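> give the three-dimensional model of this entry:
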Amino acid sequence: MTTKKKNQEIVLPALRGVMGSWVYYSCLMPLDEIAQRVSYADEIHKNKKLSDMIQRSLKNVRSKQIADYIQNQDERFFNSLVVATYGGRPNWSSIDTLSSKGQADFVQKVSEETISSVGFLTLNGEERLFALDGQHRLSGIKKAIKDGLEQDPLDEVSVIFVAHKSDAKGLERTRRLFTTLNKTAKPVSKGDIIALDEDDVIAISVRRLIEETKYFHGDRVAFVASNNLSSKNTKSLTTIGALYDVLEVLFSSANTDLKKSKADLKRARPVDEELQRYFDFAKRYFEGISKQFKPLDDFFRAKDTEAVVLTHRGGHGGHVLFRPIGLKIMTEVVARLTKNMSLNDAMKVCGKLPGNLTEAPYEGLMWNSSSQRISNSSSVTLRELLLYMLGSSTMPEKTLLERYRKETGDENIELPDPVE
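Residues are numbered from 1 along each chain as shown. Next up, the predicted model:
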């Protein structure tokens, strides 16, 4: 581990606890002290290449994203970092007595064991500290401090210290804790993001489309995080997960001044005026695309959507926009067209495309009339065929024909005619 300067003694407020064979100390630590004193988990391997592998995994865009989050998000918050310590002379000092000016009976209710778990952890500056859990957060903290974090006072973060030993058994024990902490951390589910995320522009816009517009209120969208719409559903146009995917395409690919990378759309909440522009953009898209496809317009206008859905989705096939994957592919086509025309013109041009699943180019790629089943596996070829029909595919014609024949299993099929 490399330190730029000798660390001074520091006294941290702490709680002492025991779980299994681990004794741990839960402390508060300022960001600059964390950046200066805590290193990455390369101490758990004696092999330098294994240590380098850990370092490489941290050199990605997340450190910048987390640094921006620390710098710009007023409602920022971190879980505890878990940090191993060895060397030096960490010293625990518990509180011996407890007094209360106004509630003497309160003191009597607190057991000696509870009082003895409260105290201070002193680090003399010679300890070697490395993160077992929260390495990406650590990389973001280091970058934020290096870049000159403008906070006064600096944030304090919860840090849990555990004792590490550098002999063979100690290394094995600490590696096991490292993998336990990191393997059991589950990523936040897509459904939770859509329902709860207050920074993700796409999730916020999806919720507003459901709560504030006529397009997706009530049963008009299925509250399913995946893109699979049950065949028993006779009232919804799509799923909430697929609606999220549609807006992700629209916001990240359509050529507008709102266009951002997918990561940036999900990382930090924009100001309210910008959020409103994304929401207006989403509303304008559904209003515009429904003007070009009458079945979609009928759905949005209907008081009871069941009759419209049964007409345009079922074993007979129906309309491409009544399938979650179809709505997403059509949005990808619109987004691609905006490279050379306005959003309104792109939607008008798309209105020339066929919509019936039993027609080319959907039959055999997205829809199988024999099995009456939808397939998502040929979405790229289908998107390029639709763009080809509009004169806007970037895929060579020979390649596109080869893919079309291979994926339909029809060696004699020809590319569909361009639309006028």
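> hey, let's count contacts and neighbours off CA atoms from now on
Noted.
> for the stretch 151-300 of the chain, which segments count as strands?
Along the stretch 151-300 of the chain, counting by DSSP state E, counting those that start in this stretch, strands occupy 156-163, 221-222, 238-239.
> need the ones you listed in JSON lines with distance to Leu209 and mean neighbour count, can you?
JSON lines is the format used below for the strands of the stretch 151-300 of the chain (distance: least, Cα to Cα, whole Å; neighbours: other Cα atoms under 10 Å):
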{"stretch": "strand 156-163", "distance to Leu209": "36", "mean neighbour count": "19"}
{"stretch": "strand 221-222", "distance to Leu209": "10", "mean neighbour count": "22"}
{"stretch": "strand 238-239", "distance to Leu209": "13", "mean neighbour count": "25"}
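> could I get the ones you listed as TSV with distance to Val18 and mean pLDDT?
As requested, the strands of the stretch 151-300 of the chain are arranged in TSV below (distance: least, Cα to Cα, whole Å; pLDDT from 0 to 100):
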stretch	distance to Val18	mean pLDDT
strand 156-163	10	93
strand 221-222	46	93
strand 238-239	46	95
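> can you redo those as a markdown table with distance to Val11?
Listed next are the strands of the stretch 151-300 of the chain as a markdown table, based on distance: least, Cα to Cα, whole Å:
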| stretch | distance to Val11 |
| --- | --- |
| strand 156-163 | 13 |
| strand 221-222 | 54 |
| strand 238-239 | 53 |
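> of these, which approaches Gly191 most closely?
strand 238-239 (10.9 Å; Cα to Cα).
> just checking: what are the partner strands of the closest one?
Sheet pairing of strand 238-239 (DSSP bridges) gives strand 221-222 (parallel).
> just for the stretch 1-150 of the chain, where's the confidence low?
1-5, 42-61, 104 (pLDDT under 70).
> apply 50 and report the result again.
Within the stretch 1-150 of the chain, the ranges that satisfy pLDDT under 50 run 1-3.
> report all helices and strands that the helix or strand in which Ala35 is found contacts.
Using DSSP states H and E, Ala35 sits in helix 31-37. If contacts are counted by 3 or more Cα pairs under 8 Å, 6 or more residues apart in numbering; DSSP states H and E, helix 31-37 sits against helix 135-147.
> list the contacts of the helix it packs on.
Contact partners of helix 135-147, identified using Cα atoms under 8 Å, 6 or more residues apart in numbering, comprise 31-32, 34-36, 40-41, 58, 62-68, 70-71, 131.
> coming back round to it: can you give the contact residues for the helix holding Ala35?
With Cα under 8 Å, 6+ apart, helix 31-37 has contacts from 3-4, 7, 128-129, 138, 141-142, 145, 154-157.
> how about the residue positioned nearest the centre of the chain: what's its closest non-neighbour residue?
Residue closest to the mean C-alpha point of the chain, counted by Cα atoms, centre = their mean, is Lys266 at 6.3 Å. Nearest non-adjacent residue to Lys266, counting by Cα to Cα, 6 or more residues apart in numbering: Asp200, 3.9 Å away.
> is it true that that neighbour touches Arg269?
Yes - when contacts are counted by Cα atoms under 8 Å, Asp200 is listed as touching Arg269 (6.3 Å).
> who are the packing partners of the strand or helix carrying Val309?
Val309 is part of helix 306-312, with elements assigned from DSSP H and E. Judged by 3+ Cα pairs under 8 Å, 6+ apart, helix 306-312 is in contact with helix 294-301.
> buried stuff in the helix it packs on?
Neighbour-count burial for helix 294-301, counted by 16 or more other Cα atoms under 10 Å, picks out Pro295, Leu296, Asp297, Asp298, Phe299, Phe300.
> again, but for stretch 139-156
Result for stretch 139-156 [16+ other Cα under 10 Å]: buried residues Ser139, Gly140, Ile141, Lys142, Lys143, Ala144, Ile145, Leu149, Glu156.
> any idea how far Leu149 is from the fourth one?
This points to Lys142. 10 Å (Cα to Cα, to the nearest Å).
> again, but for Thr213
From Thr213 over to Leu149 the distance is 41 Å, taken as Cα to Cα.
> possible to save the buried residues of stretch 139-156 as a markdown table with distance to Ala346?
A markdown table is the format used below for the buried residues of stretch 139-156 (distance: Cα to Cα, whole Å):
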| residue | distance to Ala346 |
| --- | --- |
| Ser139 | 43 |
| Gly140 | 41 |
| Ile141 | 44 |
| Lys142 | 45 |
| Lys143 | 42 |
| Ala144 | 42 |
| Ile145 | 46 |
| Leu149 | 44 |
| Glu156 | 50 |
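> just the residues you listed now: which is nearest Asp105?
Glu156 (32.1 Å).
> ok, now which ones touch the closest one?
Contacts for Glu156 (Cα under 8 Å, 6+ apart) come out as Leu28, Met29, Pro30, Leu31.
> can you put those in JSON lines and add distance to Gly17?
Listed next are the contacts of Glu156 as JSON lines, based on distance: Cα to Cα, whole Å:
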{"residue": "Leu28", "distance to Gly17": "15"}
{"residue": "Met29", "distance to Gly17": "18"}
{"residue": "Pro30", "distance to Gly17": "21"}
{"residue": "Leu31", "distance to Gly17": "23"}
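> any idea how many residues pack against Glu113?
If you count neighbours by other Cα atoms under 10 Å, Glu113 ends up with 8.
> next structured bit after the helix or strand harbouring it?
According to DSSP H and E, Glu113 maps onto helix 112-116. The helix or strand immediately downstream of helix 112-116 is strand 118-123, counting by DSSP H and E.
> skip ahead from that following strand and say which helix or strand is next.
Following strand 118-123 toward the C-terminus (DSSP H and E): strand 128-133.
> contact partners of that following strand?
Contact partners of strand 128-133, identified using Cα under 8 Å, 6+ apart, comprise 1, 37-43, 81-88, 138, 177-178, 181-182.
> show me which of these are buried.
37-43, 81-86, 138, 177-178.
> where helices are concerned, which of those count?
Of the buried ones among the contacts of strand 128-133, the ones assigned to helices by DSSP state H are Arg37, Leu138, Leu177, Phe178.
> roughly how far apart are the first one and Leu123?
Counting by Cα to Cα, the gap from Arg37 to Leu123 is 10 Å.
> neighbours around the closest residue to Thr122 other than its chain neighbours, how many?
Nearest in space to Thr122, with sequence neighbours left out and distances taken as Cα to Cα, 6+ apart, is Val11 at 4.4 Å. A count of neighbours around Val11, defined by other Cα under 10 Å, yields 17.
> same check, this time on Ile202
Counted with other Cα under 10 Å, residues neighbouring Ile202 total 30.
> got it, and Gly326?
23.
> counting contacts, what elements does the helix or strand that it is a member of pack onto?
Assigned by DSSP H and E, Gly326 falls within helix 324-337. In terms of contacts (3+ Cα pairs under 8 Å, 6+ apart), helix 324-337 is packed against helix 240-253, helix 343-350, helix 379-389.
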